[in-house]
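What shape does this take:
(one chain, ligands or ions: 3)
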Amino acid sequence: MKRVLEILFLSVIVAISLSCNIDEEITTALPPRILADTKTSYRLKVGDELRLAPNVENDDEASFSWSVEGREVSTERAYIFVAESVGRVCVTFCVTTTSGEAKQDYTIDVIDSFKVYDYTPAPGQFINELKTGGFDGTESTAESAIAYAERRLTDGNWVSLGGFGGYIIMGLDHSIANGEGADFAIMCNAFDGSSEPGVVWVMQDENGDGEPNDIWYELAGSETGKVETLQNYEVTYSRPSGVAMSVEWVDNQGNSGVIPYMKEFHSQECYYPLWVTEDSYTLAGTLLKARNYDSMGNGAMWVNPHYDWGYVDNASPEDYVTAERANHLDIANAVDSQGSAVELEYVDFVKVQCAVNAKSGWLGELSTEVCGIYDLNN
Ligand SMILES: [Ca+2]
Ligand SMILES: [Ca+2]
Ligand SMILES: [Ca+2]
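Ligands and ions are numbered 1, 2, ... in the order given. The predicted model follows:
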């Protein structure tokens, strides 16, 4: 009998301890946790959709809440954000269980919907090195190069125009009106001492076919009309005969030179755009006198001073807005091929073209960089 009582007693102890463990499991369940690798900032074009579905641990029987600028929009596990208008939006995700809650903020910058129509850079150290944009660096058609450029600009990253004459043509999903003052902005990567000016050209879709095949008008800048500024300057680049070679050029002023191959920094086989099918091509535009100089006299520190106004990738106190990393441009400065002012109520296409033909020692060729375009009238 004593043995039976002992067994009963032990059974009760085991049962109590088991039930204690269960209670403990419930009361000490871990609170939900949003995994740290969640991407929390995005750039979208108007009209884009983004599916947000953060990875959450300890989310048994959780409830979810999504809010946009503080207003609840969904209680689903995942949320599809639709970019409706330009600006910065804060989206908050909240997961709640009986053990606690976790929150995650997302910052979404919605930019104007834009399109790249052409990306024809001059040769340069960043050309064909397109892997920096998540591509494989061997884009060999105009279409794939345009896709690369669009992707880069959507992310707010730079697209290099290479040496003199290299250009990109962009447009928004609407005409840009010529209002009071500056009308649109071009983002770039200029900073004080690093200005690589690009001239801006604008065009109206006069024939209404949606393509930039009409008349380009230059936006005059501070250098327009100066003796040292050359209109109709042309440079012809020739495909190198082998890999790892500089790209030779001749201009229409009797000069020649090279876009130097710089193996130690950019070791892709060739700096001549792979999607240019001809063995040589000519880029024509407006040449500004280079201002770059070797500030220490020993080649270590090159400075690229800014120009007064009217250019892209130009850290001008007059039209470069540091917080936006963008130059503000005014359609009212449009001039025709004779240099006469042209009144344009709006424009549909914008071309940015590298406007200097210069090298800065070990930094290589000067090359305008473009990071995006947006309408200032919004
Ligand atoms: Ca204006
Ligand atoms: Ca057209
Ligand atoms: Ca630059």
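
Please, which helix or strand holds residue 105?
strand 100-111 (DSSP states H and E).

Residue 209 too?
Take DSSP H and E as the rule and residue 209 turns out to sit in neither a helix nor a strand.

To what extent is it buried, counted in neighbours?
Using other CB atoms under 10 Å, residue 209 has 9 neighbouring residues. Backbone N, C-alpha and C define where each C-beta goes, glycine included.

try residue 61
For residue 61, the neighbour count with other CB under 10 Å is 7.

same question, residue 242
By other CB under 10 Å, neighbour count at residue 242 equals 7.

which SS state does it fall under?
Of the three states, residue 242 takes coil according to DSSP: H, G, I helix; E, B strand; the rest coil.

Next one: it from ligand 2, what distance?
40 Å (CB to the ion, to the nearest Å).

Please tell me how far that residue sits from ligand 1.
On the measure of CB to the ion, residue 242 and ligand 1 end up 49 Å apart.

which bits of the stretch 251-378 of the chain sit near ligand 1?
330, 331, 332 (CB under 5 Å from the ion).

picking up where we left off before, who touches the strand holding residue 105?
Identification of contacts with strand 100-111 by CB atoms under 8 Å, 6 or more residues apart in numbering yields 31-34, 38, 40-46, 48, 50, 52, 54, 56, 81, 83-95, 154, 156, 372, 374.

Among those, which are located in helices?
residue 154 (DSSP state H).

now, which of the contacts of strand 100-111 lie within strands?
With DSSP state E as the criterion, strands contain 33-34, 41-45, 50, 52, 56, 81, 87-95, 372, 374 from among the contacts of strand 100-111.

does residue 206 really touch residue 215, like I thought?
Yes. At 6.9 Å, residue 206 and residue 215 qualify as touching, with contact defined as CB atoms under 8 Å.

which of the residues of the stretch 251-378 of the chain next to ligand 1 has the most neighbours?
With neighbours taken as other CB under 10 Å, the top of those is residue 331, carrying 23 neighbours.

Give me the phi and psi for that one.
Dihedral pair for residue 331: phi -60, psi -20, per degrees, to the nearest 10.

OK, contacts around it?
Here residue 331 is in contact with 176, 178, 183, 184, 202, 219, 344, 346, 347 (CB under 8 Å, 6+ apart).

and whatever residue of the stretch 1-150 of the chain ends up closest to ligand 1, how many neighbours?
In the stretch 1-150 of the chain, the residue that lies nearest ligand 1 is residue 112 (16.8 Å; CB to the ion). Residues near residue 112, counting by other CB under 10 Å, number 20.
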